[in-house]
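S.K.: turn this into a structure:
(chains A and B)
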Amino acid sequence: MAKEITSRSENYSQWYNDLVVKADLAENSAVRGCMVIKPYGYAIWEKMQAELDRMFKETGHVNAYFPLFIPKSFFSKEASHVEGFAKECAVVTHYRLKNDPDGKGVIVDPDAKLEEELIVRPTSETIIWHTYKNWIQSWRDLPILINQWANVVRWEMRTRLFLRTAEFLWQEGHTAHATQAEAIEETFKMVNVYANFAEQFMALPVIKGHKSENERFAGALDTLCIEALMQDGKALQAGTSHFLGQNFAKAFDVQFANKEGKLEHVWATSWGVSTRLMGALIMAHSDDNGLVLPPKLAPFQVVIVPIYKSMEQLAEISAKVDAIIPLLKAKGISVKFDDNDAKKPGWKFAEYELKGVPVRLALGPRDIENGTVEVARRDNLSKEVVQLDGIENYVEALLEKIQQTIFNKALAFREEKTTKADTWEEFKDLLTNKGGFISAHWDGTPETEQKIKEETKATIRCIPLDAVEEEGKCIYSGKPSGRRVLFAVAY
RNA sequence: CGGGGUAUAGCACAGUCCGGUAGUGUACCUGGUUUGGGACCAGGGGGUCCCAGGUUCGAAUCCUGGUGCCCCGACCA
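M.R.: I've put the predicted structure just below:
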């Protein structure tokens, strides 16, 4: 029986949900707003982690781990930070259960109330800066370049698998520097790491830019981000890198003696990407037949499906397959040979298509006779018969081509969906009828951005790093503007 | 936190109006025939009908009170 997927044109968000659930990436759990990430989905996340981790280490960072719980008092130390997160924190108030005296299950033991409540981390700036205070005395202790892989909890009203869940997995980098310039450089360095990862591994074109004041991280002086465009024309923030100035150093009294022996507050950054990247990956490339995964992140890049009538035929095919698997693996290509006799080839074709496996090889009696193999591409659903001899070279080149092709496709889509608007009417018309990024002038005030948001639901996704200086008038207020910014309706 | 749905087999649903001992598809198990795009036949197993009360000879169905989940809004990586 077919696993039905809602088409994108019929209901985009249902399509997304169907993909996540039916491709075995994740499912809703018994806990409101929290998901179970299933093995196939987690395998993709592990690939993302592995590459990001490598990139972080290459840029001089090391991993560490800080506690899940944060004393409540830590949050009150940085005013704008607490304001940003206060409304979505889970709080631990007790540390013990006991049997219900009425004999029905367990209850929270009222005698086990914590003296100070603990907050389940929505992010770790506070606990980390509290800790850094003890680690930093001199300029010789700097910089500190630490990353942690962790889970965090933000008590969201409405959740969606991967895109917004109450608990999610991420990495958070927290760095401490002696100078402002060095911290700013770090902020840019990491947004570039994210952009490179997105483009080269996820095949996801992104725009790097500054967040406007409204969209900035709570406690940051500047937030850099990468923004991607999804197939429904909505934007998705895929990663952020924050220049925190001396805000946290001052809040947690972290000072160092500089080379002149004078005390200075240290400069900070933080940066993160989360399992939300999974949502971006899914929505960027997939189609009505299922997932389309970029070869560099697919749990396995090639699936081999044998086609046979008798067990003798299967044995013959298996012998051929056993010979080519080592050749593929030697090229660094991951392969799954699905010789499960309980499923028919047609079922397997549909299943691996749904799961987005980039390349499928089908080997049947005809191929054995002719020394060939059928090669099917997931990205464009094309099929061709090629010589089995040298297949590893063919597949290697094909995987690279697929990686490039899906990036190019996503890039062409984004360019097609990025439009300049010079009047308010044009702006509203584009939002309603076309979607995507709208490049327009803005007077730079939070008030104007807020009003535009209220009237159209569109927000400033970013002020692109490569925005050209250009005199113009704000699309909304008519006041002078020095450059265009990117608007979009966002996830 | 407002508005709207929904809760019955692993999953998707019907049955509820009008009370009578729980059904379909799929998945699962067994056997056989099949296998180049989601096979077919036969047989089989599986359900505290969300929870707690109430009405009744009898409740998935009616009444009262809870709870979970989903969708839509305000808020967010």
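S.K.: got the contact list for the residue nearest the centre of chain A?
M.R.: The centre of chain A sits closest to residue A:277, judged by C-alpha atoms, centre = their mean, with a distance of 1.6 Å. Counting by C-beta atoms under 8 Å, 6 or more residues apart in numbering, residue A:277 touches A:48, A:198, A:202, A:238, A:239. Backbone N, C-alpha and C define where each C-beta goes, glycine included.
S.K.: so who does residue A:80 touch?
M.R.: Residue A:80 makes contacts with A:218, A:219, A:247, as judged by C-beta under 8 Å, 6+ apart.
S.K.: tell me which of the residues you listed fall in strands.
M.R.: Per DSSP state E, strands hold no members of the contacts of residue A:80.
S.K.: want to throw those residues into CSV with pLDDT, distance to residue A:351 and neighbour count?
M.R.: Shown next, in CSV, are the contacts of residue A:80 (pLDDT from 0 to 100; distance: C-beta to C-beta, whole Å; neighbours: other C-beta atoms under 10 Å):
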residue, pLDDT, distance to residue A:351, neighbour count
A:218, 89, 44, 18
A:219, 91, 46, 24
A:247, 95, 51, 22
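S.K.: in TSV: these, plus distance to residue A:393.
M.R.: Compiled in TSV, those are given as follows (distance: C-beta to C-beta, whole Å):
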residue	distance to residue A:393
A:218	52
A:219	52
A:247	55
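S.K.: among the residues you listed, which lie within helices?
M.R.: The helices, defined by DSSP state H, take in residue A:247 from the contacts of residue A:80.
S.K.: for the stretch 351-491 of chain A, give the residue positioned nearest to RNA strand B.
M.R.: Nearest to RNA strand B, among the residues of the stretch 351-491 of chain A, is residue A:364, at 2.4 Å (C-beta to the nearest atom of the strand).
S.K.: show me what contacts that residue?
M.R.: By C-beta under 8 Å, 6+ apart, the residues touching residue A:364 are A:306, A:307, A:308, A:317, A:374.
S.K.: so which of those residues reach RNA strand B?
M.R.: Contacts with RNA strand B within the contacts of residue A:364, counted by C-beta under 7 Å from any atom of the strand: A:307, A:308, A:374.
S.K.: pull out the buried members of the residues you listed.
M.R.: Taking 16 or more other C-beta atoms under 10 Å as the criterion, what is buried in those is A:307, A:308, A:374.
S.K.: what's the closest of the residues you listed to residue A:265?
M.R.: Distance to residue A:265, by C-beta to C-beta, is smallest for residue A:374 among those, at 64.6 Å.
S.K.: neighbours around residue A:342, how many?
M.R.: Using other C-beta atoms under 10 Å, residue A:342 has 5 neighbouring residues.
S.K.: what do you get for residue A:373?
M.R.: 24.
S.K.: okay, and it sits in which element?
M.R.: strand A:372-377 (DSSP states H and E).
S.K.: need the residues of the stretch 151-300 of chain A near RNA strand B, please.
M.R.: Counting by C-beta under 7 Å from any atom of the strand, the stretch 151-300 of chain A comes close to RNA strand B at A:154, A:156-160, A:163-166, A:168, A:215, A:217, A:237, A:240, A:274-276, A:289.
S.K.: where does the stretch 251-400 of chain A have low pLDDT?
M.R.: Across the stretch 251-400 of chain A, no stretch falls below the confidence threshold (pLDDT under 70).
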